[in-house]
Each structure stands twice: as structure tokens, then as C-alpha cells.
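Participant: from the sequence below, what's the structure:
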Amino acid sequence: MYRIERFELGAWGTNCYLLYGDGQGEATLIDAGFEPEAMLERADALGLEIGRVLLTHAHVDHIAGLSGVRKRHPDVSVYIHDAEAGFLGDAGLNLSAFLAEPIVVDPADGRLAAGESIDIAGAAWEVRHSPGHSPGGVTLYEPTQGVAIVGDTLFAGGVGRTDFPTSEPATLIRSIREQLLTLPDATRVLPGHGPETTIGRERATNPWLQS
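Facilitator: Here you go, the predicted structure:
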């Protein structure tokens, strides 16, 4: 049985997740936003070493804490979809160029590939490529407990923004329909911002998905 803890980080309220299993000393982070200290301190309190960070995408509010994570956990490995590998070192692509202090971080250590199965906290999680908000957006889906960590692809009552230079509105809706709405209605949706929801609730009520 794995556990998931949500941390709403920074002024942009980015949801980042700490995943760990019973009796395991290693944890995985999903995204690392601004001001990650609360998440890192919780891992310390639990006696967990952060072994990996898996990035749902590489916009600044999901990567700004990577340097802090790496400083506290020097052996951590960072993974990202290949389509956004270049975003980490490019302030224009990761949308931090307009900030007072643009943010660039070291390259990722590995890639997340569509259809790949990753062991996280003792469970097999499927990587689903869900672009549109950004070209390398991914969803991590675990069927036994029915959980989908979706980044900024889908929100409670909304969808990810598509007014950024690398966004594609039609691609986003297609990703949601093909990669998320194909999951069981009871699936918990853990988004990159805001409260969690379910696939069934969004299928029935999300105004962006009604045709």
C-alpha cells in the first residue's frame, strides 16, 4: 500500500506530491514547485530519502524547486518527457523569462516514455503522454487504487491553459478524451493546481468537455 501526500507550494499554489510505501526508505516526488521546503521537511520527518523526481511537465511553477531538492538529496534522479527536456535550461520555454529572476535548472537524468510502467512506492504506474498544455505533459496512472496524477492537463471544473507559445488547444482536449476519459469514472484525479476530483465528475460536469 502506497501513500500520497499533497503539498500546495509557492505563490502559484502548485500541487506537488510525495509518494512512498509502507516500510520503504525511499520516496518519489511528482513535480517540485517554488518553496519546496515543507515537502522536503516532511520527507525528513518520515525518514525518507528522495530518490526520484518525476515531472508532469516543465513549466516554471513545477520545476522551480528542483535545485533545492538536489541540494538536500544529491543522489536524486530527475525524469521528464523527451519533448520538454530542453525546457529545463531555457527560461523562455519554461515560462520564467518574464520573472525578476528567470529560472534554469540542470538537465534531467532520464526520460518518461508513453506506455512505460514505473515502480513507484511498490506499485506499477503507467506513463500516459497527455500533451496540449505543454508538448511533453504526462499523466501517471495507477489502477489498483485508481489514481491519476495529471499535472496541468485537467482540473476540477477546468482544463489546462492553452495560451502559451507551446500549447495546443485541440491537442489538449484530445489528450483528455483519449488518455483520461478512458479511465474508470471512480479514478481520483490529482491535478497540478486546485482540489482533486474524479474522472466521472469531470466527464459529467466539466464545461470544457461537454460536446
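Participant: the protein: helices as residue ranges?
Facilitator: 37-45, 60-63, 66-72, 169-175, 199-205 (DSSP state H).
Participant: and the last one, how far out from the chain middle?
Facilitator: Averaged C-alpha coordinates place helix 199-205 at 20 Å from its chain's average position (CA atoms, centre = their mean, to the nearest Å).
Participant: quick one: contacts of stretch 190-206?
Facilitator: 4, 6, 12-15, 17, 31, 56, 62, 147-160, 180-181, 183-189, 209 (CB atoms under 8 Å, 6 or more residues apart in numbering). To be clear about C-beta, it is placed using only N, CA and C from the backbone, and glycine gets the same treatment.
Participant: report the contact partners of the residue sitting nearest the centre point of the chain.
Facilitator: By CA atoms, centre = their mean, the chain has its centre lying nearest to Thr56, at 3.2 Å. Thr56 makes contact with 30-31, 62, 137-140, 149-153, 192 under the criterion CB under 8 Å, 6+ apart.
Participant: any stretches of the chain with poor pLDDT?
Facilitator: Within the chain, no range satisfies pLDDT under 70.
Participant: tell me how many other residues surround Gly92.
Facilitator: Look at Gly92: counted by other CB atoms under 10 Å, it has 12 neighbours.
Participant: please apply the same query to Gln24.
Facilitator: Using other CB under 10 Å, Gln24 is surrounded by 18 other residues.
Participant: cool, and the one 4 residues further on?
Facilitator: Applying the criterion other CB under 10 Å, we find 26 residues in the vicinity of Thr28.
Participant: quick check: beta-bridge partners of it?
Facilitator: Beta-bridge pairing of Thr28 under DSSP bridges involves Leu19, Arg52.
Participant: check Ile4 too.
Facilitator: Assessed by DSSP bridges, Ile4 has beta-bridge partners Leu19.
Participant: correct me if wrong: it contacts Asn15.
Facilitator: No: Ile4 lies out of contact with Asn15 (CB atoms under 8 Å); the separation is 10.8 Å.
Participant: give me the more crowded residue out of the two.
Facilitator: More crowded of Ile4 and Asn15, by other CB under 10 Å: Asn15, with 23 against 18.
Participant: that one against Phe7, yeah?
Facilitator: Yes: taking CB under 8 Å as the definition, Asn15 is a contact partner of Phe7 at 7.3 Å.
Participant: next up, the contacts around Val69.
Facilitator: Contact analysis of Val69 by CB under 8 Å, 6+ apart lists 29, 32, 36, 40, 50, 53, 76.
Participant: on that earlier part again, find the residues that touch each one of Asn15 and Phe7.
Facilitator: Joint contacts of Asn15 and Phe7 (CB under 8 Å, 6+ apart) do not exist.
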